[in-house]
Every structure is written in structure tokens, then in C-alpha cells.
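K.L.:
Dropping a prediction and its sequence here:
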Amino acid sequence: MIGFDNLPALTTRAFSWPSNTSSQLTRDQRRALQRLARVPRGIVSTLMVAHGFSREFIRTLVLAGLVTVVIDTVKIGEETIDVDLVMITDIGREAIEG
């Protein structure tokens, strides 16, 4: 896991994103949110990093309320591992729908 355990507990209700957010998103923020919007169950954080989004960048999206990170357990063969899934929030969806 890539160290999201130190983030404060967040709820999407804790944030209000300005209605003209679409124009306020950076190109990378928009690209990340659009990618996440296509995968409702989330994308493993290591795959997001492989797509060029740094851990710090993902943290900023979490702190802005645009995405959330949840821990999921995956069984691969006989081994069980925990993975961090990055998921878009309703606020993130609203931001890209602008």
C-alpha cells in the first residue's frame, strides 16, 4: 500500500466544490477524474501511479474531496493481500461534469 493511512477521515459532505469547478481543474486533475469515472469500483492506487499520477497528487485529490481511497482485500491464488482503491466521489463527478 502506498501510505494513505495518515489521511484524515473524509466524507463527501464535508466539502462544497464551486459550481464553476470545471474550469478550475488542472489538466491532470481532469484526466485522473475522467479515468476514475469510467471505473465505478475504483482503480488500484499502484495502477494510478503507473499511469503517471504521484502518491502526493492522489493525496491532494483526497483532501479536496474529489476522490476517496478505500482498502479492499484481494485473493490471488492462496495469498490474500490488501490493496488501496482510488474511487471518484460525487463531488469529483460534479467537478468534471461542470
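P.N.:
Perfect, thanks for sending it.
K.L.:
Which strands and helices lie in contact with the lengthiest helix in the chain?
P.N.:
Longest helix in the chain, counting residues (DSSP state H): helix 27-37. Packing partners of helix 27-37 (3 or more C-beta pairs under 8 Å, 6 or more residues apart in numbering; DSSP states H and E): helix 55-63, strand 67-76, strand 79-88, helix 90-97. Backbone N, C-alpha and C define where each C-beta goes, glycine included.
K.L.:
what's near enough to touch V83?
P.N.:
Taking C-beta atoms under 8 Å, 6 or more residues apart in numbering, we find V83 in contact with 1, 44-46, 71-74.
K.L.:
Quick check: V44 touching I81?
P.N.:
No - V44 lies out of contact with I81 (C-beta atoms under 8 Å); the separation is 10.5 Å.
K.L.:
which of those two has more neighbours?
P.N.:
V44 (16 against 10; other C-beta atoms under 10 Å).
K.L.:
What's opposite the more buried one in the beta bridge?
P.N.:
Note on V44: beta-bridge partners by DSSP bridges are L85.
K.L.:
how close does it sit to G52?
P.N.:
15 Å (C-beta to C-beta, to the nearest Å).
K.L.:
And the contacts of the longest helix of the chain?
P.N.:
Here helix 27-37 makes contact (C-beta under 8 Å, 6+ apart) with 25, 42-43, 48, 51, 53, 57-58, 61, 66-67, 86-88, 92-93, 95-96.
K.L.:
Now do the nearest residue to D84 once chain neighbours are set aside against E79, distance only.
P.N.:
Using C-beta to C-beta, 6 or more residues apart in numbering and skipping residues adjacent in sequence, the residue nearest D84 is S45, 4.0 Å away. Computed as C-beta to C-beta, the S45 to E79 distance reads 19 Å.
K.L.:
what about these two, which has more around it?
P.N.:
Using other C-beta under 10 Å as the criterion, S45 and E79 rank with S45 on top: 20 against 7.
K.L.:
In PyMOL, how would I select just the buried ones from the contacts of helix 27-37?
P.N.:
To isolate the buried ones among these in PyMOL, judged by 16 or more other C-beta atoms under 10 Å, type:
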select buried, resi 25+42+43+48+53+57+58+61+66+67+86+87+88+92+95+96
